[in-house]
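>>> Just to be clear, the model below is a prediction. Sequence and coordinates:
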Amino acid sequence: MRIVAGQWRGRALRAPPGTTTRPTSDRARQALFDILRHAPWSDGLDGAVVLDAFAGTGALGLEALSRGAKNATFIEQDRAALTVLRENIAACRAEQHCRVIAANACQPPMGTPCDLVLLDPPYAQDLVPRAVQALRQHGWISPGALIVAEMGRGEATPFPETLQMRAHGAAQLVIFRAPS
C-alpha cells in the first residue's frame, strides 16, 4: 500500500497485522481522488479540511493531504490501527497537519466542521448512517460537505441522493453531499 499521487506519491504505508483493518486499495483510492478532482460538483481538495473516520491506516486522509488538503483529523478506536496510523503520519512528516482521535466514529467527541468526510467502516454492519448521524450531531460535518463512504459491494446505499457510486472489487464508493 502506498500514497498514489501528490507530494508524497509512492510513499509506502504500513497496515497492522491481521484482518481487523481493511485498507482501501490503491486502485480504489486513485479512482476516488480522481473523481474528487474532476467531478463538476466537487471543489477539489486544495485547502480542504478533512475528516477520516474509521481511519485505520490513515490512507484516505493522507492521500487527501498529499493532494492539497489543508489538514486532516483521523478518528480510529483500534489500538493496533492507531499505532500504525501515527507511524504513517510520521513517515509522511505530516504531524503538523494531522490530529488523531482515539474514539468510536459512531460516538465521537465534539468536533470542528469538515469539508470532506471519508468513511471506511467495517462492511455489513450498518455503520455508515449511524456514523453520519453522530458526526453531524457532534459538529464534524459542515453544511454542504462531501461525504464519501466505502461500503461492501451490494450493501444497500443508505442515502438516496448520491452524487456518484463506483464499484471496485469487493467495495463500492458512495459519494453524497451533506444537507446545507
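Received it, and whenever you're ready, just let me know what you need.
>>> avg pLDDT for whichever strand or helix holds A80?
Using DSSP states H and E, A80 sits in helix 79-91. The average pLDDT within helix 79-91 is 95.
>>> can you tell me how far the residue sitting nearest the centre point of the chain sits from V84?
Central residue check for the chain by C-alpha atoms, centre = their mean: the C-alpha nearest the mean position is that of L118, 2.7 Å away. Distance of L118 to V84, computed by C-beta to C-beta, to the nearest Å: 17 Å. In short, each C-beta sits where N, CA and C put it, glycine included.
>>> those helices in this protein, which residues are they?
Assigned by DSSP state H, the helices in the chain fall at 26-38, 59-66, 79-91, 127-137.
>>> Can you tell me which of these is most buried?
helix 59-66 (a mean of 27; mean count of other C-beta atoms under 10 Å).
>>> what distance separates it from the middle of the whole chain?
8 Å (C-alpha atoms, centre = their mean, to the nearest Å).
>>> what comes up buried for stretch 148-167?
The neighbour-count check on stretch 148-167 (16 or more other C-beta atoms under 10 Å) flags V148, A149, E150, M151, E155, F159, L163 as buried.
>>> residues making contact with it?
Stretch 148-167 is contacted from outside by 24, 28, 31-32, 35-36, 39, 41, 60, 116-121, 123-124, 126, 128-129, 132, 146, 169-177, using C-beta atoms under 8 Å, 6 or more residues apart in numbering.
>>> In this structure, what residue spans correspond to strands?
According to DSSP state E, the chain carries its strands in the segments 49-53, 71-76, 98-102, 114-119, 141-152, 162-168, 171-177.
>>> which of those is buried the deepest?
Mean neighbour count (mean count of other C-beta under 10 Å) peaks for strand 49-53 among those, with a mean of 27.
>>> what is the rounded mean pLDDT of stretch 38-58?
Averaging pLDDT along stretch 38-58 yields 92.
>>> Kindly check the end-to-end length of it for me.
23 Å (C-alpha to C-alpha, to the nearest Å).
>>> Distance from the chain centre to it, please.
Stretch 38-58 has its average C-alpha position 7 Å from the chain's average C-alpha position, going by C-alpha atoms, centre = their mean.
>>> And for stretch 67-76?
That offset, for stretch 67-76, works out to 8 Å (C-alpha atoms, centre = their mean).
>>> Flag the shaky bits of the protein, pLDDT-wise.
Along the chain, segments meeting pLDDT under 70 span 18-20, 22-23, 160.
>>> please redo it, this time with the cut-off set to 50
Counting by pLDDT under 50, the chain contains no low-confidence segment.
>>> just to revisit the earlier point, quick one: work out the angle between the helix holding A80 and helix 59-66.
Helix 79-91 and helix 59-66 are oriented at 20 degrees to each other (axes from the mean of the first three to the mean of the last three C-alpha atoms, to 10 degrees).
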